[in-house]
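here you go, sequence then predicted model.
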2 protein chains.
Amino acid sequence: MSGYQVDEATPEEIEAERTTYAPIADATRRLADLSIRTRVSPEDAAIAHEHLEAAIALLGKDVDAEPYGVRYSRSGVTRAWGNAVVGIRNPIAPPLTIVSDEDGVSAEFELSAAYEGPPSLVHGGVSALVLDQLLGEAAAAAGKPGMTGTLTMRYRRGTPLGALRGEAHVDRIEGIKTYVVGHIADAEGVCVEAEGVFILPRWARADESAPTKFE
Amino acid sequence: MSGYQVDEATPEEIEAERTTYAPIADATRRLADLSIRTRVSPEDAAIAHEHLEAAIALLGKDVDAEPYGVRYSRSGVTRAWGNAVVGIRNPIAPPLTIVSDEDGVSAEFELSAAYEGPPSLVHGGVSALVLDQLLGEAAAAAGKPGMTGTLTMRYRRGTPLGALRGEAHVDRIEGIKTYVVGHIADAEGVCVEAEGVFILPRWARADESAPTKFE
């Protein structure tokens, strides 16, 4: 059931999927944070663990054998709901809500203790994860969806955990290559910059009408 | 309680911390995967959600206000247990177990559906996340711990979800800059390569005996 697939989901079915499973992801995000920061007794931790195993048993009763993939519905909504950065069903994703306008794309987001590298700072690789997604969506928003060819990160200073803003825009397009730049900033300014080259996939070269927008 | 701190934890207390909280992180990792792939009924999902909220209430009874940081104990063990790649208390971390020898560092690991970007492939940014950690640990293992200055990723082909191997080693050292290279490979060979420049932090320039090893 994975891959770039078109499914028959109606808007009502998509909304039901969101209502049923997004709260599981939200709760699991809070658990990820608590798993790191909790100081409760072994007794409380053991009871909490029993609740988690009970939830695992219930959710494991019927499981798709494949990862989520990217699902296009005939009703027009595209679901990248398993995506590691924007997926609303993926607890590893903060998740980012990326908006686009004529200047490119941007996202306001918050990174908790689960994204830590050096003490109280965002892991350098998490910044790369977020920027890879932002840059890729900027390319897609400009009509040039692609796979990452190269990604270059420049860390200007430590990125603090907490409230952050990311931006990206297409710098130039050369044939099948789209050059995109972006950054992550806190209230004091830019912390980390990125440049990426995105390669237009073969299917998109043949069919310019292919879907490019991710939700 | 965050920062590069030395604590008074004994080996027994460290083992008790692991025994109490690592199972919570393990269970939350399985929940992250199920959150994406489950297809159970809204009724089962709702009961599972209640269990998660019960666990959240228990674990939330006593919580450290700060992120985990990196904890050095006088007994010699260093705990980067909140780290987004290697932290055994961090459900976002796969977590990687990184080993070092005279050739550099390496890790065998498995990436589930929660690390997906393009359908059935590892998110390009997740590869960057893993490689930033591997390259940084290769610098540290060579006696040159540092913050990432720049990181350059080259995506040679899609990296499939599943069993993977990462490697990194120091290429050269120039003053406070350590140049490190690495890659992630599947059974067919290298999927993605990285080059990083790591900058020796000020504290390590003054004190060469500072701890460099992360667990």
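Received it, and whenever you're ready, just let me know what you need. Residues are numbered from 1 along each chain as shown, chains lettered A, B, ... in the order given.

need the longest helix for chain A.
Scanning chain A for the longest helix, with DSSP state H as the assignment, gives helix A:11-37.

next structured bit after that one?
helix A:42-59 (DSSP states H and E).

care to break chain A down by domain?
For chain A, automatic domain parsing gives the domain ranges A:1-95, A:97-206.

save those as JSON lines, and put in mean neighbour count, distance to chain B and mean pLDDT too.
C-betas here are computed from N, CA, C, even on glycine. Putting these into JSON lines (neighbours: other C-beta atoms under 10 Å in any protein chain shown; distance: least, C-beta to the nearest C-beta, whole Å; pLDDT from 0 to 100) gives the following:
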{"stretch": "domain A:1-95", "mean neighbour count": "20", "distance to chain B": "4", "mean pLDDT": "94"}
{"stretch": "domain A:97-206", "mean neighbour count": "20", "distance to chain B": "3", "mean pLDDT": "94"}
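
which one of those lies closest to B:D33?
Comparison of the domains of chain A against B:D33 by C-beta to C-beta identifies domain A:1-95 as nearest, at 8.7 Å.

report the contact partners of A:E8.
Neighbouring residues of A:E8 by C-beta atoms under 8 Å, 6 or more residues apart in numbering or on different chains: A:73-74.

which one of the domains of chain A lies nearest to B:E13?
Nearest of these (C-beta to C-beta): domain A:1-95, 12.0 Å.

mind checking how far stretch A:23-41 is from the chain centre?
19 Å (C-alpha atoms, centre = their mean, to the nearest Å).

correct me if wrong: A:V63 contacts B:S35.
No. The pair A:V63 / B:S35 is not scored as a contact, 10.7 Å apart, by C-beta atoms under 8 Å.

excluding its backbone neighbours, what's nearest A:V77?
What sits nearest to A:V77 in space, not counting adjacent residues and going by C-beta to C-beta, 6 or more residues apart in numbering or on different chains, is A:I14, at 5.6 Å.

what of A:D44?
B:L58 (4.9 Å).

A:E53 too?
B:A27 (6.3 Å).

measure A:A16 to A:G196 for me?
Distance of A:A16 to A:G196, computed by C-beta to C-beta, to the nearest Å: 36 Å.

cool, A:L58 as well?
From A:L58 to A:G196 the distance is 40 Å (C-beta to C-beta).

so what's the spatially closest residue to A:D64 that is not a sequence neighbour up against?
Nearest non-adjacent residue to A:D64, counting by C-beta to C-beta, 6+ apart: B:R37, 4.5 Å away. Applying C-beta under 8 Å, 6+ apart, we find B:R37 in contact with A:63-64, A:66-68, B:113.

name the helix or strand for A:V6, please.
strand A:4-7.

which other helices and strands contact that strand?
Applying 3 or more C-beta pairs under 8 Å, 6 or more residues apart in numbering or on different chains; DSSP states H and E, one finds that strand A:4-7 contacts strand A:70-73.

partners of the strand it packs on, with directions?
Paired neighbours of strand A:70-73 in the sheet (DSSP bridges): strand A:4-7 (parallel), strand A:78-79 (antiparallel).

and the gap between the nearest residue to A:A9 once chain neighbours are set aside and A:W81?
Counting by C-beta to C-beta, 6+ apart, the nearest residue to A:A9 once its immediate chain neighbours are dropped is A:S73, at 4.4 Å. To A:W81, A:S73 is 12 Å away according to C-beta to C-beta.

check A:C191 too.
In terms of C-beta to C-beta, A:C191 sits 28 Å off from A:W81.

could you measure from the residue nearest the centre of chain A over to B:D132?
Of all residues in chain A, the one closest to the mean position by C-alpha atoms, centre = their mean is A:V85, 1.3 Å from it. Separation of A:V85 from B:D132 (C-beta to C-beta): 15 Å.

A:R165 now?
Distance from A:R165 to B:D132, counting by C-beta to C-beta: 21 Å.

what residue in chain A is the furthest from its centre?
Distance from the C-alpha centroid of chain A peaks at A:E43, with 35.2 Å (C-alpha atoms, centre = their mean).

report the strands that pair with the longest strand anywhere in chain A, each with its relative direction.
Ranked by residue count under DSSP state E, the longest strand found in chain A is strand A:162-174. Within its sheet, strand A:162-174 is paired with strand A:104-111 (antiparallel), strand A:177-186 (antiparallel), according to DSSP bridges.

A:A139 is nearest to which of the ones you listed?
strand A:177-186 (4.4 Å).

now do that closest one: everything it contacts.
Outside strand A:177-186, the residues touching it (C-beta under 8 Å, 6+ apart) are A:104, A:122, A:127, A:130-131, A:134-136, A:138-139, A:142, A:144, A:146, A:149, A:159-160, A:162-173, A:190-200.

after it, heading C-terminal, what element do we hit next?
Using DSSP H and E, the first helix or strand after strand A:177-186 is strand A:189-199.

report all helices and strands that that next one contacts.
helix A:124-141, strand A:147-155, strand A:162-174, strand A:177-186.

save these as TSV, and put in distance to B:V77 too.
Formatted as TSV, these follow (distance: least, C-beta to C-beta, whole Å):
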stretch	distance to B:V77
helix A:124-141	24
strand A:147-155	28
strand A:162-174	29
strand A:177-186	32
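
out of the ones you listed, nearest to B:E53?
strand A:162-174 (25.0 Å).

how far off strand A:189-199 does the closest one point, in degrees?
40 degrees (axes from the mean of the first three to the mean of the last three C-alpha atoms, to 10 degrees).

now do strand A:162-174: everything it contacts.
A:96, A:103-111, A:122, A:130-131, A:134-135, A:137-139, A:142, A:144, A:178-187, A:191, A:194-195.

how about 7 Å then?
A:103-111, A:130-131, A:134-135, A:138-139, A:142, A:144, A:178-186 (C-beta atoms under 7 Å, 6 or more residues apart in numbering or on different chains).

with that, I have no additional questions.
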